[in-house]
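Chemist: one predicted model, sequence on top.
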Amino acid sequence: MVGNVATSLLKSVYSSCVDFLAPPVCLQCGTDLLSETNVSQKYCTRCLPHLPVRSLNACRRCGAPLGAFQSNSAGCPHCRSSRFSFSGVVSLGAYEGALKDSCQRGKSPSSQPVIASLTEKLIKFHEDRLLNWQCSAVLSVPTFWRARLRRRIHPNETMAEEFSRFLRIPQRRNWLRQVRKTRQQHLLPPVERRKNVRGAYSAPRTPGLQGARVLLVDDILTTGSTAQVCTRALLEAGAAEVFVAVLARGLKPR
């Protein structure tokens, strides 16, 4: 009894010291959270209502949010004319508003807690579907080696770490690589995006990849061009099936 009280007291003192030295701030806007009623939450009361909530209906093929009565199993107006080799997509929602702001801020290495928090939400929203996919490995869309020299931490890698921890599957960084430099996708029109990434990714024929069900993660999916070429590379290297998880679904070129 005394031991439990002492432990609780020590935890309280430690928490107070941490809050004093590094006060918790809202992941969305940076506001001090010490004045909030629920300090344990990661967002302030002003930002909380604008965070993504689970869409009641989303396209199972491309992850785009849909109307309540639209069919979600065989594609939607956003993807029906596209050819995808991946078997399904989950996302938090459309690339707009607070979610768009968070994704843009998450490009910074210092803002990876934002990406980790959004990935937790993504996992909670689609937990059943993620488990039903029965993936045996997770990997992120890779970056070219020169880009890695400039920025060592990338949001899609943070996402992969969170998925690996939740699904208890390994993160395989060596299963996919970017073999040539590409232009930034969000600066290009849809047709140019497909040309830009064609042949840009390669997957070696490693033993573990043979017959594997793979979860591929990235922060944003718009035309699906990058996810498609990565998926094709993995399938040609022996993967049985590829699924995609993204934070946001761009419904038009960003």
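Modeler: Good, I have the coordinates. Being a predicted model, the structure only gives us computed values, none of them experimental. Numbers count the residues shown, from 1 in each chain.
Chemist: mind listing the helices for the stretch 1-150 of the chain?
Modeler: For the stretch 1-150 of the chain, the helices identified by DSSP state H, counting those that start in this stretch occupy 2-21, 97-105, 112-125, 127-133, 145-150, in order along the chain.
Chemist: among those helices, show the one with the smallest mean pLDDT.
Modeler: Between these, the lowest average pLDDT goes to helix 2-21, which shows a mean of 49.
Chemist: pLDDT below threshold where in the protein?
Modeler: Along the chain, the parts satisfying pLDDT under 70 run over 1-23, 27-28, 30-43, 45-46, 48-56, 145-152, 187, 252-254.
Chemist: name the SS class of the residue lying closest to residue 221 once chain neighbours are set aside, please.
Modeler: Distances taken as C-beta to C-beta, 6 or more residues apart in numbering place residue 246 nearest to residue 221, at 4.4 Å, with adjacent residues excluded. Placement of C-beta: from N, CA and C, glycine included. For residue 246, the secondary-structure state derived from DSSP: H, G, I helix; E, B strand; the rest coil is strand.
Chemist: residues near residue 246, how many?
Modeler: Residue 246 is flanked by 27 other residues according to other C-beta atoms under 10 Å.
Chemist: same deal with residue 143?
Modeler: 17.
Chemist: quick one: it and residue 215, what's the gap?
Modeler: Between residue 143 and residue 215 the distance, using C-beta to C-beta, to the nearest Å, works out to 18 Å.
Chemist: could you pull out the strands for the stretch 101-250 of the chain?
Modeler: Secondary structure of the stretch 101-250 of the chain by DSSP state E, counting those that start in this stretch: the strands cover 137-140, 177-178, 201-202, 213-221, 241-249.
Chemist: what would those strands look like in TSV with distance to residue 62?
Modeler: Written out in TSV, the entries for the strands of the stretch 101-250 of the chain read as follows (distance: least, C-beta to C-beta, whole Å):
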stretch	distance to residue 62
strand 137-140	19
strand 177-178	23
strand 201-202	19
strand 213-221	7
strand 241-249	7
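Chemist: what's the most buried one of those strands?
Modeler: Ranked by mean neighbour count under mean count of other C-beta atoms under 10 Å, the strands of the stretch 101-250 of the chain are led by strand 241-249, which reaches a mean of 26.
Chemist: what's the spacing between it and its chain's center?
Modeler: Relative to the chain's own centre, strand 241-249 is displaced by 8 Å; criterion: C-alpha atoms, centre = their mean, to the nearest Å.
Chemist: next one: stretch 181-194
Modeler: For stretch 181-194, the separation from the chain centroid amounts to 20 Å (computed by C-alpha atoms, centre = their mean).
Chemist: got it, and stretch 214-221?
Modeler: Its chain's C-alpha centre and that of stretch 214-221 lie 6 Å apart, by C-alpha atoms, centre = their mean.
Chemist: kindly format the C-alpha coordinates of that stretch as CSV.
Modeler: Output in CSV follows, covering the C-alpha atoms of stretch 214-221 (Å, rounded to 0.1, in the frame of the first residue of the first chain):
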residue,chain,number,x,y,z
VAL,A,214,2.9,-5.8,-48.1
LEU,A,215,1.6,-2.6,-46.5
LEU,A,216,2.9,0.4,-48.4
VAL,A,217,2.6,3.8,-46.6
ASP,A,218,2.9,7.4,-47.7
ASP,A,219,1.6,10.7,-46.4
ILE,A,220,-0.6,11.7,-49.4
LEU,A,221,-2.2,9.9,-52.4
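Chemist: so who does residue 192 touch?
Modeler: Residues in contact with residue 192 (C-beta atoms under 8 Å, 6 or more residues apart in numbering): none are found.
Chemist: distance-wise, check it relative to residue 182.
Modeler: Distance, residue 192 to residue 182, by C-beta to C-beta: 11 Å.
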